[in-house]
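**Q** next comes the sequence, and after it the predicted model I'd like to discuss.
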Amino acid sequence: MRAAKNISACEDQICLRFVGDIMLSRKVGEKINQAGPKFILEPVQDILEKSDLLCGNLESPISDDAAKSGEFRASVLSAGVIKDFDVVSLANNHIFDCGDEGVEDTIKILTENGIRYVGIGASKTEASNPAVFDIKGKKIAVFGCTTAALFENVTSTKYSVLLIDDRHTPQIIEEITGKVDFTIVLFHGGDEFIPYPSPSVKSSLQNLAHNGVDLIIGHHPHVLSGYEIAGPNKLIWYSMGDFIFDSVVESRKKGGILTVKISRDSAVSFELLPTYINDDLQVVLPQEDLARTILKEIRTYSQKLQDADYEKSFPMLYIRKFFRYQIERLYCLYKYQGLLSTIGFFLSRAKYLPGYISKLIKRRAV
């Protein structure tokens, strides 16, 4: 893996570019209303534009009218932020934050802006359809999928999402791999704020790679994770972290633009350009020291993934990262919002404590 201040030219190769979670609501939405949709990505716009295929995970429904029942709702104006994206995955735990009307509006607005979507549909068949692109003589298929665990609180919807847990999903994807030159899966799952995939997630994604998927890009943990070479010219990047978000937590401000290049003879190479969300909520290229730190962290995570005893060591890795993140979160709240806000946040989250403890016990027992 390598990074440079300017991503190298694509030349006659196919350049696929990927980013992490894109959230266009809350403070990001306020900034868009104040400064316009071009403001958020202006420092990296030239890089994003120089892509044969640009992909991300849209974490917030887009609608001006749908009633918000969950955490996020982005304005129609915000669609201008992602105007250069070719495809986004909607198979994530926030797609139903504005109910079915929010899903309908999001699909309509994306379609009007020429942005394709994957991972959701009016039926299981539609949800499992990939977006297929013809790029420089090669057919490239993009799927979006997620995990059933993220939808336990969705009580009623007319939409389906593509689930990695569904026993038919690997077969559906495998059938497409024989009809295209390159297959990509945008996967939404894992543990929030934990840079290490659970052994079950690791196994599920490796299974997809071993059955024909060439590239898997993970979202949902909100922090950068490591990557794994799953076979000749096969890559799994377990989490791309946050790309556009409004968190004050430092580890969540670190992201990246992953470039995957496919040569004429189908050889695959990749490089990561670190990004950072500044206090104005712009996505910028970080200073050299920070960029090196980000790449070093990724190398550490990636090396851990190769450990022969990873399954046994995962519970302790999880617990350490869980507590480290919570401490970082409280520190950042205190730094940016003061003591009273920090105490208020802590008390507001007290109701989740039994769930956290239960999850930690389960991890420890793995």
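**A** Arrived safely, thanks for sending. Every value quoted in this text rests on a predicted model; they were computed, and no experiment measured them.
**Q** residue ranges in the chain under the pLDDT threshold?
**A** 1-9, 349-366 (pLDDT under 70).
**Q** could you break it into its assigned domains?
**A** 14-306, 313-365 (automatic domain parsing).
**Q** start to end distance for the longest one?
**A** Domain 14-306 stretches 29 Å from its first residue to its last (CA to CA, to the nearest Å).
**Q** starting at the chain centroid, how far to stretch 328-335?
**A** 24 Å (CA atoms, centre = their mean, to the nearest Å).
**Q** stretch 247-254 too?
**A** The mean C-alpha position of stretch 247-254 is separated from the chain mean by 15 Å, CA atoms, centre = their mean.
**Q** measure that stretch end to end?
**A** 11 Å.
**Q** got the buried residues for that stretch?
**A** Ser247, Val248, Val249, Ser251, Arg252, Lys253, Lys254 (16 or more other CB atoms under 10 Å). C-beta coordinates here come from the backbone N, C-alpha and C atoms, glycine included.
**Q** what does it contact?
**A** For stretch 247-254, contacts defined as CB atoms under 8 Å, 6 or more residues apart in numbering pick out 193, 222-224, 241-242, 245, 274-278, 286, 290, 294, 297, 325, 328-329, 332-333, 335-337.
**Q** now those: which count as buried?
**A** 193, 222-224, 241-242, 245, 274-277, 286, 294, 297, 325, 329, 332-333.
**Q** next step: the residues you listed restricted to helices.
**A** Per DSSP state H, helices hold the following members of the buried ones among the contacts of stretch 247-254: Ile294, Glu297, Tyr325, Arg329, Cys332, Leu333.
**Q** could you dump those residues to TSV with distance to Ile262?
**A** Below are these laid out as TSV (distance: CB to CB, whole Å):
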residue	distance to Ile262
Ile294	25
Glu297	27
Tyr325	35
Arg329	39
Cys332	39
Leu333	43
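**Q** ok, the residues you listed vs Glu152, which is closest?
**A** Taking CB to CB as the measure, Glu152 lies nearest Tyr325 of these, at 22.4 Å.
**Q** how about the closest one, nearest residue that isn't a chain neighbour?
**A** Nearest non-adjacent residue to Tyr325, counting by CB to CB, 6 or more residues apart in numbering: Phe193, 4.3 Å away.
**Q** for Met240, see how far away that neighbour is.
**A** 14 Å (CB to CB, to the nearest Å).
**Q** again with His210
**A** For His210, the distance to Met240 equals 22 Å [CB to CB].
**Q** now do the contacts for the residue most central in space within the chain.
**A** For the chain, His219 is the residue whose C-alpha lies nearest the centre (CA atoms, centre = their mean; 2.7 Å). If you count contacts by CB under 8 Å, 6+ apart, His219 has them with Gly20, Asp21, Asn57, Glu59, Ser89, Asn92, Leu186, Phe187, His188, Ser239, Met240.
**Q** repeat for Ile82
**A** Ile22, Leu24, Gly56, Leu58, Val88, Asn113, Ile115.
**Q** if you set the cut-off to 7 Å instead, what comes out?
**A** Applying CB atoms under 7 Å, 6 or more residues apart in numbering to Ile82 gives the contacts Ile22, Val88, Ile115.
**Q** tell me how many other residues crowd the last one.
**A** For Ile115, the count of nearby residues is 20 (other CB atoms under 10 Å).
**Q** dihedrals phi and psi, it?
**A** phi -100, psi 120 (degrees, to the nearest 10).
**Q** so the nearest residue to it once chain neighbours are set aside, which of the three states?
**A** Spatial nearest neighbour of Ile115, excluding adjacent residues (CB to CB, 6+ apart): Phe85 at 5.4 Å. Using DSSP: H, G, I helix; E, B strand; the rest coil, the structure places Phe85 in coil.
**Q** likewise Gly256?
**A** Secondary structure state of Gly256, per three-state DSSP, is strand.
**Q** so what's Gln34 up against?
**A** So Gln34 contacts nothing (CB under 7 Å, 6+ apart).
**Q** mind checking which of the contacts of His219 are in strands?
**A** Counting by DSSP state E, these place Gly20, Asp21, Asn57, Ser89, Leu186, Phe187, His188 in strands.
**Q** can you give me the helices in this protein?
**A** For the chain, the helices defined by DSSP H cover 26-35, 45-49, 99-112, 124-127, 169-177, 199-210, 250-253, 288-305, 310-337, 339-348, 353-365.
**Q** what's the fourth one packed up against?
**A** Using 3 or more CB pairs under 7 Å, 6 or more residues apart in numbering; DSSP states H and E as the contact criterion, the secondary-structure elements in contact with helix 124-127 are strand 160-161.
**Q** what sits up against the strand it packs on?
**A** Residues from elsewhere that reach strand 160-161 (CB under 7 Å, 6+ apart): Ala91, Gly119, Ile120, Gly121, Ser123, Lys124, Ala127, Thr146.
**Q** phi and psi next, for the first one.
**A** Backbone torsions for Ala91, taken as degrees, to the nearest 10, come to phi -80, psi 80.
**Q** that one against Tyr159, yeah?
**A** No - counting by CB atoms under 7 Å, Ala91 does not reach Tyr159; the two are 10.3 Å apart.
**Q** and the two? Which one has more around it.
**A** Neighbour totals were compared for Ala91 and Tyr159, and Ala91 leads with 29 against 19 (other CB under 10 Å).
**Q** which non-adjacent residue is nearest that one?
**A** Gly119 (2.7 Å).
**Q** likewise Leu186?
**A** Ser89 (4.1 Å).
**Q** surely that neighbour touches Phe187?
**A** No - the pair Ser89 and Phe187 fails to qualify as a contact (CB under 7 Å) at a distance of 8.4 Å.
**Q** now do the shared contacts for these two.
**A** Listed as contacting both Ser89 and Phe187 by CB under 7 Å, 6+ apart is no residue at all.
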